[in-house]
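**Q** here's my sequence, what's the structure:
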Amino acid sequence: MPLSLRQSAVLAVAAATGIVTVPAVSTAQAAPADIYVNNWGGTCSDTGGGTAAQPFCTISAAAAVVRPGQTVRVVGITTYDEAVHLTRSGTPEQPIVFLGTPLTDSGAAEQPTLYPKPAQGSALTLDGVHDVVFRGFGFYSQDSTAANPSVVVKNSSRVTIDGSLFPDGRLAVTGGSDGVTISRNTFVDHGGIDLGAGTQHALVTANLLSDTTSAAVKAVDAPGTAITNNTILLSCEESVRLDGASPDAVIENNVITAGYTQRSGTPVGCSTAGSTRGETEISVSAASTAGTVVDYNSVHPWPDANAYTWSGTPYPTVAAFQATGRGAHDIDVDVSCINGNCNIPSSRLPVLLPVLADSADPDAPGVGTDLRGYTYADHPNAADNPGIRDRGAYEATGQRGVTLAVTSGQSGTKLTAPLTVTATATVQSDWPIEQADYAFTFGDGTTVHSTSPTVTHTYLTAGTFQPSLTIVDKHGAKASASGSSFQVATTQLAADPAIEVDPGLYATILPHVTTPWYLSSEEIDFGDGTPKESSTYGSSAYYHQYMVAGDYQLTLTDSDDSGRTLVTKRTVHVASARDTAALQPGRRVQLLIRNSKDWLGDAGANYDAGVWGGFMPVPGAGFPAKQVTSLASVTTADQYLRAFALANGKLYSADRNLGPAAGGVAQGQWLPWTEVTRANGAGALSGISQVSAASTGNRIHVLAVANGRVYESYGDRAAGTWTKWADVTGALGFPANATSASAAFIGNVLHVAMVCSDGHVRIGDGDYNRGRWSGGDLTGSIGYAWPSQYTKPVQVGVAATPDGKLHVFAVVWDRLLEATGDYTAGRWSNWGDVSAATGMNKVGQVTVAGNGSTLRVFTLDSDGPGNIIEVDGDYVAGRWTRAAPVNGIGPAGGDSSTSLFAAAGL
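**A** Numbers count the residues shown, from 1 in each chain. This is a model prediction of the structure:
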């Protein structure tokens, strides 16, 4: 057909065109009862639902969606390099809880840690929220000064920071915050607490503050503050400071020691009096004395400083302060060294110093437990004066430890199942406190809870087991122990495979083979026709990618050196709801990719169902994916996908059934790869640099660019035979300078667009009814629609719509342009700027798939391997969607390193 200079009246993509966005495919999910965060293990996604199976990668992602009554469970041990800014609130009945691993006797080794980068500021900011709890985190700071606290709570109410570690930073409460609780935390080095102006009714309780180089707890213009049951050791400045107007405070039950006079390692600049060292331990300003109570504390000041400063008047000792009628129950105990031991764990202080035990005000505000979660216990060697609550952050316990002994009636090195053992716990406790629970864990998945120190257990399977035990007394004090490991054998070879299959159809098989002898060989058949795997001595795990959902029979064959052979069969149920939905009838697209990791993958979308399937590896290529330099794909009338790959100069093809199961081929199943260029009759063609494909009915046409020319071969999918290569360029009389080609059918006419090295786009039309070719120079006819520096298109993608129009998409430098040929009216549109109309930029490659009157246009970044971007053109409604990344759609995932791709519609 000759080319026309007339402007088309069909869809244009000029900047003046009104663009209406077509809604993107979505995969909405119901919000879970709990939200999970875990950046360890590679299964997380900040675009998922925060489930246990696919947790969020960042705490910030959970903070953006959490709702009242939900608990955000953050997994340790791991570091989160982020600054979390929470602005969402709970209710008094349904608070929002962020839960890590609360501090225990073992310290913070298993806590999830927030460690922002220097430019991010505070690790956690709670801004204008209420009814929020953060428990069991490590909060680090890049800047140890008070100007950049690790945690900031501002303009918030009923907020709790609990059971967390501040290794080198401070916690600041600012603005009009009310009812903030800071409990059971550990602050060391530069750490401490700042209650700023406007703070009301803050509760600071059961915290350990050690070696702080500034005031440990400071309140400025913060009325109603309660500072109770804290252990504060070696503060360079004040241990407790009420400044400005902070009346109606309660400072009770704290253990304060200013200096470790017999211990090395005192912070520089803090060991002598001076501007860097505070001269008092409890300081209450004149405007803060009204209604303030100071009592039941242990206060041990620096020897050359003061214990208290009250309304500007210093009092060097507890006795001097008590002479004013205040602090009647305060004492002075140096807890830094006891009996010559200057490295006493803080948790042992009320045990070794009964004067601290059972001597605290039982009615002082608190949270009901000590820093470890222990409830109040009656110390048998201390008078209950006035109750059983201890001073400081730790409650005394007589629980010192436990041992575990496991015995059986069998002897020798090989024990045989069934094996009955007796486990006995021996508790080391200084007090006659009853144990609330003995939790015996036997190492075979069984845990027995008992109120008795002796239980029995029978091992029915073989393996190596190490029992362990955790005891808890009625005050919550814990102790743990482990027993010796031992091996249990069976008298026969046995296997109990455990199989897990994830939504990506990736299976993990744990053979779980046991034998009293040595395993000599193992073979596994996955049941899907792929090659078997074998191991000389057996494997702890096998990993396998299934390609299609369904039920498969897995066969595990094991032999041991006794001559026994065991064949174990299991049914593997492989299912993916989104992959199945993507294959169902409707407007569908298949996207074939090769990424920079040398991997061929395929994903399907069902636009009627609103779902993308996951990118799955394409099986059985028989050639390295890294050798693939061009991809093409089409669909045929019998609902098959035909994929083509140019690898090492040879053209290969494989089919995938997209329709219902038929002829022994399951829906979604791939058939083997074959070589088009030789085995199927097309013949060898040297110098191929790029391929494309088009189909009509079940007939497939492959276009190959080789040495500047475009060649064609076609055949029937089911027959699997091809015609010899024919020179399309020669038939059209075009110059031999083609660099890229793409084709589409309108009726029985094949339309081929070619990019040429002279910067022109030429069109060839193969009329299979008349048996002839015609064509012309598209660029020469309608001119250029881009600046002069964009002189050479680098690639084209072609598709047709049911109204008989051919749409040519050209990549010109980093822009995507379109020209439309109306073969009924005999005219072409000028070039329209798709990039400008859709918000697309940096286009490097393009592929087009058709769904009737809607074209799905996919592009890659021109800066190298990158995201796959999609825009959809609705040629009935006359509108485009905005550009959006395919790899951001739901859990399907994409591949941010895609380097080649091809699309086909159905």
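**Q** ok, residue 415 touching residue 489?
**A** Yes. Using CB atoms under 8 Å, residue 415 is in contact with residue 489, at 6.9 Å. Where you see a C-beta, it was placed from the backbone N, CA and C, and this is true even at glycine.
**Q** so what secondary structure elements neighbour the lowest-mean-pLDDT helix or strand in the chain?
**A** In the chain, no helix or strand scores lower on mean pLDDT, DSSP states H and E than strand 415-416, which sits at a mean of 74. Applying 3 or more CB pairs under 8 Å, 6 or more residues apart in numbering; DSSP states H and E, we find strand 415-416 packed against strand 486-489.
**Q** after the strand it packs on, next one along is what?
**A** Under the assignment DSSP states H and E, the closest C-terminal helix or strand after strand 486-489 is strand 494-495.
**Q** give the next helix or strand downstream of that following strand.
**A** strand 498-501.
**Q** for residue 465, see how far away the spatially most distant residue from the centre of the chain is.
**A** Within the chain, residue 323 marks the point farthest from the mean C-alpha position, 60.5 Å out by CA atoms, centre = their mean. Computed as CB to CB, to the nearest Å, the residue 323 to residue 465 distance reads 66 Å.
**Q** for stretch 869-877, buried residues please.
**A** Across stretch 869-877, burial judged by 16 or more other CB atoms under 10 Å covers 869, 870, 871, 872, 873, 874, 875.
**Q** of the residues you listed, which is the nearest to residue 559?
**A** Nearest to residue 559 out of these is residue 870 (CB to CB; 52.2 Å).
**Q** neighbouring contacts of the helix or strand hosting that closest one?
**A** Using DSSP H and E, the element containing residue 870 is strand 868-874. With contact meaning CB atoms under 8 Å, 6 or more residues apart in numbering, strand 868-874 is reached by 11, 13, 22, 591, 593, 807, 834, 838, 840, 843, 853-861, 879-887, 894-895, 898, 901.
**Q** and it, how far from the chain's centre?
**A** Relative to its parent chain, strand 868-874 has a centroid offset of 28 Å by CA atoms, centre = their mean, to the nearest Å.
**Q** and it, which strands flank it?
**A** strand 854-861 (antiparallel), strand 879-880 (antiparallel), strand 884-885 (antiparallel) (DSSP bridges).
**Q** deepest-packed of these, please.
**A** strand 854-861 (a mean of 24; mean count of other CB atoms under 10 Å).
**Q** alpha carbons only: can I get it in PDB?
**A** Extracted in PDB, the C-alpha atoms of strand 854-861 (Å, rounded to 0.1, in the frame of the first residue of the first chain):
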ATOM      1  CA  THR A 854      -6.200  -1.700  24.100                       C
ATOM      2  CA  LEU A 855      -2.500  -1.900  23.500                       C
ATOM      3  CA  ARG A 856      -0.200  -2.700  26.400                       C
ATOM      4  CA  VAL A 857       3.100  -0.900  25.900                       C
ATOM      5  CA  PHE A 858       6.100  -2.000  28.000                       C
ATOM      6  CA  THR A 859       9.400  -0.100  28.100                       C
ATOM      7  CA  LEU A 860      12.900  -0.400  29.700                       C
ATOM      8  CA  ASP A 861      15.100   2.400  31.000                       C
END
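**Q** this structure: helices as residue ranges?
**A** 59-63, 318-322, 349-352, 577-582, 728-732, 778-782, 834-838 (DSSP state H).
**Q** out of those helices, the one nearest residue 369 is which?
**A** Of the helices of the chain, nearest to residue 369 by CB to CB is helix 349-352, at 13.9 Å.
**Q** show me what counts as buried in the closest one.
**A** Buried residues in helix 349-352 (16+ other CB under 10 Å): 349, 350, 351.
**Q** as a markdown table, the residues you listed with distance to residue 482 and pLDDT would be great.
**A** Listed next are the buried residues of helix 349-352 as a markdown table, based on distance: CB to CB, whole Å; pLDDT from 0 to 100:
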| residue | distance to residue 482 | pLDDT |
| --- | --- | --- |
| 349 | 28 | 81 |
| 350 | 28 | 80 |
| 351 | 24 | 78 |
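**Q** just checking, residue 37 touches residue 71?
**A** No. When contacts are counted by CB under 8 Å, residue 37 is not listed as touching residue 71 (11.0 Å).
**Q** among the two, which residue is more densely surrounded?
**A** residue 37 (25 against 17; other CB atoms under 10 Å).
**Q** and that one, what are its bridge partners?
**A** Where residue 37 sits in a bridge, its partners, by DSSP bridges, are residue 56, residue 74.
**Q** got the contact list for it?
**A** 44, 50, 55-59, 61-62, 72-75, 80, 112.
**Q** once you drop chain neighbours, what's closest to residue 847?
**A** residue 903 (4.4 Å; CB to CB, 6 or more residues apart in numbering).
**Q** list the contacts of the one you found.
**A** Taking CB under 8 Å, 6+ apart, one finds 589, 590, 591, 592, 633, 847, 848, 849, 856, 858 in contact with residue 903.
**Q** may I have the beta-bridge partners of the first one?
**A** If I follow you right, that is residue 589. residue 605, residue 905.
**Q** what's the per-residue pLDDT of it here?
**A** On pLDDT, residue 589 comes in at 95.
**Q** from what I can see it touches residue 852, true?
**A** No. Shown here, residue 589 and residue 852 do not form a contact pair, counting by CB under 8 Å, at 12.0 Å.
**Q** the more surrounded of the two?
**A** residue 589 (24 against 12).
**Q** any idea how far residue 880 is from that one?
**A** In terms of CB to CB, residue 589 sits 16 Å off from residue 880.
**Q** hang on, the earlier thing: would CSV of the helices of the chain with distance to residue 643 be doable?
**A** CSV is the format used below for the helices of the chain (distance: least, CB to CB, whole Å):
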stretch, distance to residue 643
helix 59-63, 36
helix 318-322, 85
helix 349-352, 72
helix 577-582, 16
helix 728-732, 22
helix 778-782, 29
helix 834-838, 26
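**Q** out of those, nearest to residue 506?
**A** Across the helices of the chain, residue 506 has its closest neighbour in helix 577-582 (12.0 Å, CB to CB).
**Q** if you count neighbours, what's buried in the closest one?
**A** 578, 579, 580, 581, 582.
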